[in-house]
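**Student:** sharing a model that was predicted from the sequence below.
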Amino acid sequence: MKKIAFFDTKAYDKYWFDKINAGRYDIHYFENKLTADTASLAKGCDGVCAFVNDTIDRQAVETLVSEGVKVLAMRCAGYSNVDFKAAYGKLHVVRVPAYSPYAVAEHAFGLLLTVNRKLHRAYNRTRDFNFSIVGLTGIDLRGKTIGIIGTGKIGEAMIDIAKGFGMRVVAYDLYPKKDADFEYLPLDELLKQSDVISLHCPLSDSTYHILDRAAFQKMKDGVFIINTSRGALVETEALLEALNAKKVRGAGLDVYEEEGDLFFEDYSGEIIQDDLLALLVSRPNVVLTAHQAFLTEEALSNIAETTLGNLDDFFAGKPLKNEVCYYCHGPKKEGCKRGDQARCF
Ligand code: NAD
């Protein structure tokens, strides 16, 4: 039976993977994140399963390869934490391109509703038998403009929800969809026109700090910012300044630039050594969740199903439809062999 080292395990991962694995792989669950320091835990394993805050840099890749690992199965869609250049030709990397765009979009819209109508504050008040509603005023979303950056699977699901609320949708994407039933605008124009800006593009060199100080200056006063994609899309210091200046009326964040060492863990008894995060959390108009937008039963079941299916294809010598590699992660380049016909290398 093939052995799989499973990193950054949480109870819900183990529940869904054990249920869907049903004994087909010998899965070794580790609570540790996968890093250069922990990669040797995969000694003797045929494959490794990793998640969003693991650090699969060159050193980690080299250790995995030297320990005999041949496949890295990311149980997530994003892969900005993998050094593809180091992995190319040695370690196949597969991922779960879509497990439930609805889970993430519904959470993103939930964050918007929460910061707008101040549900987090109302919840705390009524638990304390404080039934005052002073300071809880929001805005109608109907008729307002939402700017969607990245109109892939999650962006589209978000657009459907926003339309249901009667919002005007504008969007920006490097690769606009043909026949879209919403308006694409240049990024600067989207920043100027939007009452709500929601990020749904991946993190890459071209999207790092896509919302930086200059971008915040172009926005309408009183804009809402929603980020369920990756923390480093937003320059945190610039967001804090924009919150202080009331340029940003509220922010709903499921991700944070420096979340790697913090999110998914309980630090409630400790002093967090991250002043920017502490400042963000202290703002009454910021709602922060710890990268949980994907966390629905449907998504977890699909993640386990696709990840184990990717491993089945790998060990059966089949083409890997969900492979990503250095040569062309992102849109397929001419000559790419990935897909139904072949493997990346
Ligand atoms: P997708 O690949 O379907 O869509 C991404 C879209 O972004 C594409 O249309 C692409 O053309 C566009 N894009 C790429 N570069 C761009 C750029 N420079 N400017 C504007 N648009 C650009 O991906 P998806 O499934 O919709 O996921 C989107 C992101 O959501 C992921 O990359 C991941 O970071 C994040 N995510 C978060 C969670 C969570 O739990 N919070 C879960 C899943 C995914």
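**Tutor:** Noted; the coordinates are in hand.
**Student:** hey, let's count contacts and neighbours off CA atoms from now on
**Tutor:** Fine.
**Student:** what strands flank the lowest-mean-pLDDT helix or strand in the chain, and is each parallel or antiparallel?
**Tutor:** Scoring the helices and strands of the chain by mean pLDDT, DSSP states H and E places strand 323-324 at the bottom, with a mean of 91. Strand pairing for strand 323-324, determined by DSSP bridges: strand 92-94 (antiparallel).
**Student:** which elements pack onto the next helix or strand after the partner strand?
**Tutor:** Where DSSP states H and E defines the elements, the next helix or strand beyond strand 92-94 is helix 101-117. Counting contacts by 3 or more Cα pairs under 8 Å, 6 or more residues apart in numbering; DSSP states H and E, helix 101-117 is packed against helix 153-164, strand 223-227, strand 248-253, strand 286-288.
**Student:** CA atoms only for stretch 293-306 - export them in PDB, please.
**Tutor:** Listed next in PDB are the C-alpha coordinates belonging to stretch 293-306 (Å, rounded to 0.1, in the frame of the first residue of the first chain):
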ATOM      1  CA  ALA A 293     -14.000  30.500   3.500                       C
ATOM      2  CA  PHE A 294     -13.500  27.000   2.100                       C
ATOM      3  CA  LEU A 295     -14.800  25.300   5.200                       C
ATOM      4  CA  THR A 296     -18.000  23.600   4.200                       C
ATOM      5  CA  GLU A 297     -18.900  19.900   4.300                       C
ATOM      6  CA  GLU A 298     -19.300  19.900   0.500                       C
ATOM      7  CA  ALA A 299     -15.900  21.500  -0.100                       C
ATOM      8  CA  LEU A 300     -14.100  19.200   2.400                       C
ATOM      9  CA  SER A 301     -15.600  16.200   0.800                       C
ATOM     10  CA  ASN A 302     -14.700  17.400  -2.700                       C
ATOM     11  CA  ILE A 303     -11.100  18.200  -1.600                       C
ATOM     12  CA  ALA A 304     -10.600  14.700  -0.300                       C
ATOM     13  CA  GLU A 305     -12.200  13.100  -3.300                       C
ATOM     14  CA  THR A 306     -10.100  15.100  -5.800                       C
END
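**Student:** that stretch and the ligand in contact?
**Tutor:** Yes - residues of stretch 293-306 contacting the ligand under Cα under 6 Å from any ligand atom: 293-294.
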